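Asks: test case, fold it:
(2 chains)
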Amino acid sequence: MLRIEFQVKLAGISSHLFDIDEPVKSIEIDNALPVSGDMVFLFLSVKFDSEVTVDRLSEELSSIEVVDVTQAELNPQIYYLGVMAQLSDASVLSLLTENQAIPHRIVGKNAHLEVMASVRDWNHLKEVADAIETEHGSLELLGTTQTDSIGFPLGSNKLKQSMSGKLSEEQLDVLETAYRMGYFKVPQEVTAEEIASELDISRSTLSARLRRVEHNFCALLFGPQE
Amino acid sequence: MTTIIIIKSVEHHASVREILGSVVDDGERVYFLRLPTVRCLGPLIQEVNPMINYGVDYTITPLPEGYDVSTLVEFATEFDANRICIGISDRTLTGKARIDDLTQSILLHDDISGDFVVGEHAIILEELEYGD
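Replies: Down below sits the predicted model:
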């Protein structure tokens, strides 16, 4: 099985959302559920460059059938949107599933849709790429990795969604870097100094951010401290 | 059987050793395909010594300046290569092989298909089949 990352030009719902007046930083499709006919419920995480009020956002989205708008608890720049859309508004996602590829992440940013998916093998990769190129023009393959397991398909990251609005960008950055470099493995594969150096922050800043992350995780699991 | 080993850097000793030692079979024809960015394969060949250490006959062929993926696929087609091997030169933070632009282009090329295998130091495209 191969894990592939590719990018295509912005299209569908991401393209609509980037067209609104408020500057959008990124749009991620968290989940999609079929509705009758050619309609689909899309659940999106939308990150803005600056704070946006719910009223302002609702006004901006008047042309889109919005089912739900929820602002992330601790990060007012992130909104979780539920929208009713045409299947064609999520065409990359539907092309992936129609061609039996497993979507993991679909994120719109920097005028592109960045997509991570799993395919069976090289021939399957070519089938999927052909289908997407036919619909969306050129496709740029960014990465290919051999993998033994499917991992987490799109829509299975509920915990990530619950947490992402509760951690700051810096905390998420520290957490992800520490995780990817093997800080939480036993034995540790990297020292705190090495992570701090990778992030270009001091050892004490790293320690403070990691402790805040742990505190927020505990708050989510056990509720607020009395 | 014919194997093409694409040489992107003279530092790729480990990948060449892995390919010659555990991918290529005895008596295979091996083509070292030198990218224009590599000036000379002498030091690499001298250190690995394919004939004495691995018993393979090899040919060194340079890819011309301004080559593209089609040039490479045409070369592979002309020699009916069963495999194309490329050294891994970059990895992610978690140690996964990062696939370079040339390999990505081969994967998406219309006229070539097969199996994709990631080794310890090299990516191996094998069981190659060619389009019309």
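Asks: report the buried residues of stretch A:144-155.
Replies: Neighbour-count burial for stretch A:144-155 flags A:Thr144, A:Thr145, A:Gln146, A:Leu154 (criterion: 16 or more other CB atoms under 10 Å in any protein chain shown). Where C-beta positions appear, they are placed from N, C-alpha and C, glycine not excepted.
Asks: check the offset of that stretch from the chain's centre.
Replies: With CA atoms, centre = their mean, to the nearest Å as the basis, stretch A:144-155 stands 15 Å off its chain's centre.
Asks: same check on stretch B:18-25?
Replies: Here stretch B:18-25 is found 11 Å from its chain centre; the criterion is CA atoms, centre = their mean.
Asks: which residues touch it?
Replies: Residues from elsewhere that reach stretch B:18-25 (CB atoms under 8 Å, 6 or more residues apart in numbering or on different chains): B:1, B:3, B:5, B:30, B:48, B:50, B:53-54, B:56, B:83, B:85, B:119-122, B:124, B:126.
Asks: just the buried ones out of those residues, please.
Replies: Among the contacts of stretch B:18-25, those scoring as buried are B:3, B:5, B:30, B:48, B:50, B:54, B:56, B:83, B:85, B:119, B:121-122, B:124, B:126 (criterion: 16+ other CB under 10 Å).
Asks: pull the most distant pair out of those residues.
Replies: Set against one another by CB to CB, the buried ones among the contacts of stretch B:18-25 have their most distant pair in B:Val48 and B:Glu126, with a gap of 20.5 Å.
Asks: now do the helices in chain A.
Replies: Assignment of helices within chain A using DSSP state H yields the ranges A:12-18, A:54-60, A:91-98, A:122-136, A:158-164, A:169-180, A:192-199, A:203-222.
Asks: out of those helices, flag the one nearest B:Lys96.
Replies: When the helices of chain A are ranked by distance to B:Lys96, counting by CB to CB, first place goes to helix A:169-180 at 10.4 Å.
Asks: tell me what the closest one is packed against?
Replies: helix A:192-199, helix A:203-222 (3 or more CB pairs under 8 Å, 6 or more residues apart in numbering or on different chains; DSSP states H and E).
Asks: is the last one in proximity to chain B?
Replies: No. Using CB under 8 Å from any CB of the partner chain as the criterion, no contacts between helix A:203-222 and chain B are found, and the smallest distance is 15.8 Å.
Asks: low pLDDT regions in chain A?
Replies: Counting by pLDDT under 70, chain A contains low-confidence residues at A:74, A:156-165, A:223-226.
Asks: domain-wise, how is it divided?
Replies: Dividing chain A into domains by automatic domain parsing, as the record does, gives the ranges A:2-146, A:167-222.
Asks: hey, which of these is tucked in deepest?
Replies: Burial among those, expressed as mean neighbours by mean count of other CB atoms under 10 Å in any protein chain shown, is greatest for domain A:2-146, which shows a mean of 17.
Asks: one step back: out of the helices and strands packed on helix A:169-180, which gets nearest to A:Leu44?
Replies: Minimum separation from A:Leu44 across the helices and strands packed on helix A:169-180 (CB to CB) falls at helix A:203-222, 21.9 Å.
Asks: what packs against the closest one?
Replies: With contacts defined as 3+ CB pairs under 8 Å, 6+ apart, the secondary structure elements packing on helix A:203-222 are helix A:158-164, helix A:169-180, helix A:192-199.
Asks: can you list those helices in CSV and add distance to A:Asn75?
Replies: Rendered in CSV, the data for the helices and strands packed on helix A:203-222 read as follows (distance: least, CB to CB, whole Å):
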stretch, distance to A:Asn75
helix A:158-164, 8
helix A:169-180, 8
helix A:192-199, 19
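Asks: which of these sits closest to A:Leu206?
Replies: Using CB to CB as the criterion, the shortest distance between A:Leu206 and the helices and strands packed on helix A:203-222 is 4.4 Å, found for helix A:192-199.
Asks: please compute how far the closest one lies from its chain's middle.
Replies: Computed by CA atoms, centre = their mean, the chain-centroid distance of helix A:192-199 equals 25 Å.
Asks: returning to what we had before: strands - which of the buried ones among the contacts of stretch B:18-25 land there?
Replies: When the buried ones among the contacts of stretch B:18-25 are checked against strands using DSSP state E, the ones located there are B:Thr3, B:Ile5, B:Val30, B:Arg83, B:Cys85, B:Ala122, B:Ile124, B:Glu126.
Asks: tell me the secondary structure at the closest residue to the third one other than its chain neighbours.
Replies: Once flanking residues are discounted, B:Val30 sits nearest to B:Tyr58: 4.3 Å by CB to CB, 6 or more residues apart in numbering or on different chains. Following DSSP: H, G, I helix; E, B strand; the rest coil, B:Tyr58 is assigned to strand.
Asks: tell me if the helix or strand B:Ala76 falls within is near chain A.
Replies: Following DSSP states H and E, one finds B:Ala76 within helix B:69-78. No. Contact between helix B:69-78 and chain A is absent, the nearest approach being 11.7 Å (criterion: CB under 8 Å from any CB).
Asks: so how far is that helix off the chain centroid?
Replies: 12 Å.
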